[in-house]
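Novice: This is the structure alone, sequence omitted:
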């Protein structure tokens with residue numbers, strides 16, 4: 001007999017993860033779908049085709065559904081802080097992603113137009129080139145016809161998939177609070193930020209609570225997905241909140257670290273706000289009155305993927321672990337900022353680099369140094385967010401498949417780590433939690449999430465002592481060389497633009 005299942009999808013930066021979950025919290029199938037083009041990156045421009053989000057979701061859902069499954073809801077989460085412009089049923093241009101930092105001049109202009117500190121005070125977060133209004137103003141200045149044609153704006157990948165699924169254009173409060181468009185105190189859109197971005201506030205989507213059904217799955221979308229038409233679609237929270245739910249860390253006081261393409265350290269609070277100047281974000285969480293304080297790094301797994309490809313070539317990930325294992329601190333400092341940074345400081349012009357390389361430095365040292373550098377940054381975030389943090393920290397995401405990286409992180413943080421068994425699909429599990437509530441499922445398994453049995457990593461006292469001075473040095477280094485890396489970034493941009501062909505095809 002077929003079992004009722006929630007179809008939960010997490011639309012991420014590099015692909016879609018789908019999980020089928022029953023009423024008693026059992027995961028009965030997992031699948032994934034990838035993007036054929038991935039991110040289109042040119043300098044500070046980072047874009048994706050929204051249509052590929054939908055196509056990958058369709059492929060992932062179809063890969064797991066069988067006759068023994070009876071889908072009764074579609075639950076969604078995904079990457080936040082994107083610009084998706086639509087006209088009718090058409091996407092007008094590729095989505096501008098959260099990590100895109102082209103709009104630095106535009107961000108400065110918006111700050112000046114709104115007045116000193118107004119943007120931060122209203123949104124409860126620091127704002128820069130990664131903010132949606134800055135990106136919209138860049139589009140207004142460089143692609144005015146596109147902005148003029150648009151009749152709606154979506155702000156997250158899962159919002160686009162929800163729109164394809166049931167025709168509703170909405171945004172959840174977690175995603176909204178990442179955008180620079182959300183009045184945190186009022187709980188509504190900050191229309192003035194749209195106006196100074198020279199974009200109509202009428203484009204903004206409706207705000208929708210993640211525990212409520214959004215609409216019914218349309219016939220056309222159902223046929224593509226292989227699901228019954230008319231089942232409820234639940235637009236869950238953005239991936240940061242969904243991850244905390246899926247990891248079983250959604251209650252006040254819980255903390256979680258995520259090692260994905262990007263990554264973060266997050267803590268659920270009873271309404272506390274971070275100082276916007278510290279690089280810590282304050283996001284609306286799924287429960288009214290709760291906030292999620294989060295220190296989000298632009299590049300986490302992306303750093304290690306770069307190091308693997310450029311230093312080792314297309315080797316198995318197991319080889320990366322083999323090289324990095326077997327010794328303590330490298331004594332090198334890696335600054336993990338290839339595409340700018342959001343936490344533990346906010347600087348879209350920051351760039352990556354190694355310090356301390358000698359003639360005896362090996363490939364293994366460099367690989368391990370990348371893991372260490374990310375761990376040092378996460379430590380800085382944690383110390384800023386919760387200076388007296390103690391006890392076990394839950395960790396998830398594809399990066400924590402690496403035992404070596406988990407061991408390094410435990411030593412650098414000086415805390416035991418508990419690795420969740422679900423790893424990469426923890427966000428989809430969080431979306432399933434929101435759908436279970438929308439369906440009024442009352443099983444106790446849904447109250448704390450769906451975390452499966454996990455591994456534990458205890459910090460080695462000797463390594464904790466060895467890493468401490470290096471972590472403290474890492475925290476001091478970046479501010480000292482920030483101006484240099486910013487200037488170098490601008491010089492490289494100038495050189496790149498100088499090498500571009502003229503209109504006549506001449507260099």
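Specialist: It's in. The structure displayed is predicted, hence computed values, not measured ones.
Novice: now the strands for the stretch 151-300 of the chain?
Specialist: 152-156, 170-171, 182-183, 188-189, 206-207, 213-216, 232-235, 255-259, 263-269, 281-284, 291-297 (DSSP state E, counting those that start in this stretch).
Novice: Quick check: which of these is nearest to residue 63?
Specialist: Closest approach to residue 63 among the strands of the stretch 151-300 of the chain (C-beta to C-beta): strand 232-235, 19.7 Å. To be clear about C-beta, it is placed using only N, CA and C from the backbone, and glycine gets the same treatment.
Novice: Check which residues of that closest one are buried.
Specialist: Residues of strand 232-235 classed as buried by neighbour count (16 or more other C-beta atoms under 10 Å): 232-235.
Novice: Walk me through which strands that strand pairs with, and which way each runs.
Specialist: Counting by DSSP bridges, the strands paired with strand 232-235 are strand 69-78 (parallel), strand 213-216 (antiparallel).
Novice: so which of those is the most packed in?
Specialist: The highest mean neighbour count among those, using mean count of other C-beta atoms under 10 Å, belongs to strand 69-78: a mean of 26.
Novice: now that strand against strand 152-156, angle please.
Specialist: 100 degrees (axes from the mean of the first three to the mean of the last three C-alpha atoms, to 10 degrees).
Novice: Strand 69-78: how far from the chain's middle?
Specialist: 21 Å (C-alpha atoms, centre = their mean, to the nearest Å).
Novice: go on, stretch 86-101?
Specialist: Using C-alpha atoms, centre = their mean, the offset of stretch 86-101 from its chain centre is 17 Å.
Novice: and the strands paired with strand 232-235 as JSON lines, adding distance to residue 329 and mean pLDDT?
Specialist: JSON lines is the format used below for those (distance: least, C-beta to C-beta, whole Å; pLDDT from 0 to 100):
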{"stretch": "strand 69-78", "distance to residue 329": "36", "mean pLDDT": "97"}
{"stretch": "strand 213-216", "distance to residue 329": "49", "mean pLDDT": "97"}
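Novice: pLDDT averaged over stretch 425-438 - what is it?
Specialist: The average of the pLDDT scores along stretch 425-438 is 91.
Novice: how about low-confidence regions in the stretch 1-150 of the chain?
Specialist: 38, 43 (pLDDT under 70).
Novice: Show me where it has its helices.
Specialist: Secondary structure of the stretch 1-150 of the chain (DSSP state H, counting those that start in this stretch): helices at 50-64, 104-114, 118-123, 132-142, 144-149.
Novice: Same question for the stretch 351-500 of the chain.
Specialist: Remark: helices assigned in the stretch 351-500 of the chain by DSSP H, counting those that start in this stretch are 363-385, 403-413, 426-438, 461-498.
Novice: Remind me what the longest one packs against, helices and strands.
Specialist: Looking back up the chat, that one is helix 461-498. Using 3 or more C-beta pairs under 8 Å, 6 or more residues apart in numbering; DSSP states H and E, the elements in contact with helix 461-498 are strand 333-335, helix 363-385, helix 403-413.
Novice: Which residues are in contact with residue 205?
Specialist: Residue 205 makes contacts with 152-155, 159, 169-171, as judged by C-beta atoms under 8 Å, 6 or more residues apart in numbering.
Novice: 10 Å instead, please
Specialist: 84, 86, 152-156, 159, 162-163, 168-172, 175-176, 189, 235 (C-beta atoms under 10 Å, 6 or more residues apart in numbering).
Novice: same thing with residue 369?
Specialist: So residue 369 contacts 307, 324, 329-334, 336, 354-357, 361, 376 (C-beta under 10 Å, 6+ apart).
Novice: count of neighbours near the residue lying closest to residue 113 once chain neighbours are set aside?
Specialist: Spatial nearest neighbour of residue 113, excluding adjacent residues (C-beta to C-beta, 6 or more residues apart in numbering): residue 196 at 4.3 Å. Using other C-beta atoms under 10 Å, residue 196 is surrounded by 19 other residues.
Novice: My read is that residue 196 contacts residue 109, right?
Specialist: Yes: using C-beta atoms under 10 Å, residue 196 is in contact with residue 109, at 7.9 Å.
Novice: Overlap of the contact sets of those two?
Specialist: 133, 137.
Novice: Can you get me the start-to-end distance on stretch 394-413?
Specialist: 12 Å (C-alpha to C-alpha, to the nearest Å).
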